[in-house]
Structures are given as C-alpha cells and as structure tokens.
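Asks: need a 3D model of the sequence below.
(one chain, ligands or ions: 1)
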Amino acid sequence: MAITVREVLRYLHEIAPTDWAFPNDPVGLQIGDPSQRVERILVALDPDPRTVTNARYRDCQLLITHHPLIFRPISHVRFDDPVGMAVQALCEAKIALIAVHTNWDVAPGGINDTLAELVGLQEIRPFGKGPSRQHYKLVVFTPTEHTDAVIDAMADAGAGIIGLYRRCAFYASGTGTYEPMEGANPYQGQVGKREHAKEQRIEMLVPSERLEAVIQAMLRVHPYEEVAYDIYPLQVRGEHMLGRVGALPKPMLASELREYLAERLGNPYVRVYGKPNKLVRVLAVVGGAGSEYLADAQRALADALLTGEVRHHHTWEAWTRDVVLFEGGHAETETPGVIRLAERLRTLLAPHNVEVFAQGGDS
Ligand SMILES: [Zn+2]
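Replies: Have a look, this model is predicted:
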C-alpha cells in the first residue's frame, strides 16, 4: 500500500524536524505534488543529473536529497542551466524532490552522529552552533476543566515541541481572583462580587514564528471574556548543535590520524593542516563545509577537527589555534549519513511497502 509525499514528509519530520534547520535553509518539499502517491524513493547527496537519471531508471516517484536543488529564490527556470534542467527532468518524470539538509546534520543519528561513529569516536557529545531561534514561554490561566482543550489548541498551533516530544506543557493548580465590573459577562462569578476561581497555570514553549498563531488558537478555545496570559522571551537555545566531538579509540599523531581517517572515509586524499606531530586524543567532526567550526572545536577542547572541505584562511587558522584540521572530502564526510537516512526511512516505511534506495559512493 503506497503512501503520499505528504505522509513521507510527516515521517521525515519525526526524525529530522524542519524547524531544526538553520535559518534560510530551504528544507522540505522543493518540487512536486504533496498528494502524489509514492512506491519507490531514492535518497542521495545531490540532485545532480546522475541522481535524477538514477531516480528515473528506478521508476521512483520521490527523490530525497541532502543538498537542496533551489537554495536562493530563482527568477528563471531555463532548461539550459543546471538547476532548470533538473527541475525540467523531475517535472517531466513526475518525481517529487524533498531536501533534508541542516535538520539532518543536527539530528540524533544524522550526518554528524554517523560521521562520528564512522571514525570510531567514543563518548560522543554535540558541540558548536545550532540554529538560533527565539523562543517564548506562553503562560495562560484557565479554568481547570479547560486545561486539556487549551493545551491541545496551543499544541496544534505549534507550541510545546521539545526535541522529539510534542504537546509538552506544565500546569499547576491555583486560585485566580477578580471582581467583574458593570457590563462584564463573566464565565464564572457575578458583577460587583469578588470571585475566587479554581484555575490552572499552563506553561508552553513557543517558537517566535508560531507565537501569534498559538495565542489566537488559545483565545479561540478559552472560555473567559478576558484571558490573562503572559509572554516571556527566553534565551536563545542551542540544543541542536551541529558538530560532534569525542575521544578517538586511541591517541594518534596527526600524521597517523590522517592515514586512519583516509581508510575510514575511503578517501586516500584526506589533507591535513596544522602540526603533523601533534598528539590527537579528542576529535571534533562536522560533515560537509565546516572549517569555520575551528574556534568551536577549540572551545570544546578538541585537538583536531575533521570536516569535508576547508576554506583557505582556515588552513593557517588551524596552526594559530593549534587545532589540527583534516579535509576529508564533502561527499566522503556526508554520504554515510545520507545512507543512514535511507536506512531509517526504509524501516519507517516498511509497513507501507515503500522501496527505499540509497545512492552512495559509486552505487
Ligand atoms: Zn553538504
């Protein structure tokens, strides 16, 4: 029994929520019809011509890539440029395209966890920047019998998501007191008489872009004529940090570690910048283009940073900071995590008899 593109998006949201993506990273459905039926999916690093051909050859209805095809708003779709060609080929073959990018980099079991495991790190922990989003705590006071309805309304509008948990809320009982004035129409109590009402104080976390929708949803189900609620801005949270850092199975000189990484990544051309005779015990990893994480790696007490590709000015920053920098290849550091994504999807979609293919390395 096939499912739709929309349902696949829901499954993806469970393992790599779109709100974990970095700002302006265009993750999600890039091309196609959400109601299209899906029986075969190809998962790959890039939406390049070889991948699109592979998806057509395998008769897939959906292509999921790590790198988005359309990064910035485009003004033309010309069939003689690479992006336009891919759009044309996918539309002609009725293949939808979904991007799962930085939300999969940061996710548990995602690109960087997979890379950390591939190079044998132990006691793996996150480090570095995460998507910086403003969050608020919305506190509302409601009659006890309306507690669940208010929590559900706020959750349905986007409040109360913490990691892989939804409908997260805290409530505590108390007494609200007020005196309705002339013209008021109280849910409970009488005009001119002080009322003591049993109430619940409900607290929920709200990302800034959902704040207005959550308030409106809460007001729609709240029985009071005048609803008492407070909005608290919270410190920016970085709980979904991008990189991973951990101890190597045994300390190695940077020159030895280069050989070890080359073997683990299947890339003989791993390059090293910094002291070749430095002893590396703790290694930080960021798949893809992550050389800007040198300072974060240093703060995380790493002796070295492995990333996919290195900007020129970071090659000497590695010497200055005394953090050895390894350039392992963009594809070599991210493809293992892309294959892991295909495996996760294969398991999740097994009850729907959806075939999931992974395009990795030379397959
Ligand atoms: Zn990448």
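Asks: only C-alpha atoms for contact and neighbour calcs from this point on.
Replies: OK.
Asks: the helices in the stretch 201-350 of the chain, which residues?
Replies: Along the stretch 201-350 of the chain, the stretches classed as helices by DSSP state H, counting those that start in this stretch are 211-221, 254-265, 294-299, 312-321, 330-349.
Asks: may I see the buried residues of the last one?
Replies: In this case it means helix 330-349. 330-346, 349 (16 or more other C-alpha atoms under 10 Å).
Asks: ok, for G158, nearest residue in space, not its chain neighbours?
Replies: R210 (6.0 Å; C-alpha to C-alpha, 6 or more residues apart in numbering).
Asks: out of the helices of the stretch 201-350 of the chain, nearest to W104?
Replies: With C-alpha to C-alpha, the closest approach to W104 among these belongs to helix 330-349: 8.3 Å.
Asks: now tabulate the helices of the stretch 201-350 of the chain in TSV and tack on mean pLDDT and distance to V87.
Replies: Output for the helices of the stretch 201-350 of the chain, formatted as TSV (pLDDT from 0 to 100; distance: least, C-alpha to C-alpha, whole Å):
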stretch	mean pLDDT	distance to V87
helix 211-221	96	34
helix 254-265	97	32
helix 294-299	95	36
helix 312-321	95	33
helix 330-349	97	22
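Asks: could you export these as CSV, including distance to F127?
Replies: As requested, the helices of the stretch 201-350 of the chain are arranged in CSV below (distance: least, C-alpha to C-alpha, whole Å):
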stretch, distance to F127
helix 211-221, 28
helix 254-265, 20
helix 294-299, 7
helix 312-321, 17
helix 330-349, 17
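Asks: out of those, which comes closest to F79?
Replies: So among the helices of the stretch 201-350 of the chain, helix 330-349 is nearest, using C-alpha to C-alpha, at 26.4 Å.
Asks: list of residues touching that closest one?
Replies: Applying C-alpha atoms under 8 Å, 6 or more residues apart in numbering, the contact partners of helix 330-349 are 11-12, 43-45, 66, 109-115, 265-267, 287-289, 307-309, 354-361.
Asks: per the record, what domains does this protein have?
Replies: Recorded structural domains for the chain (assignment: automatic domain parsing) are 3-101+335-358, 121-129+241-328, 135-233.
Asks: give the residue spans of the stretch 51-200 of the chain that score low on pLDDT.
Replies: 130-133, 163 (pLDDT under 70).
Asks: would you map the strands across it?
Replies: With DSSP state E, counting those that start in this stretch applied, the stretch 51-200 of the chain shows strands at 62-65, 96-99, 122-127, 135-143, 170-178, 195-207, listed in chain order.
Asks: what's the closest non-adjacent residue to the residue most central in space within the chain?
Replies: Nearest to the mean C-alpha position of the chain, counting by C-alpha atoms, centre = their mean, stands N103 at 2.1 Å. Residue nearest to N103 in three dimensions, not counting chain neighbours: A21, with 4.1 Å by C-alpha to C-alpha, 6+ apart.
Asks: next: E123.
Replies: Nearest non-adjacent residue to E123, counting by C-alpha to C-alpha, 6+ apart: G246, 5.4 Å away.
Asks: count the neighbours of that neighbour for me.
Replies: The tally of other residues near G246 (other C-alpha atoms under 10 Å) stands at 23.
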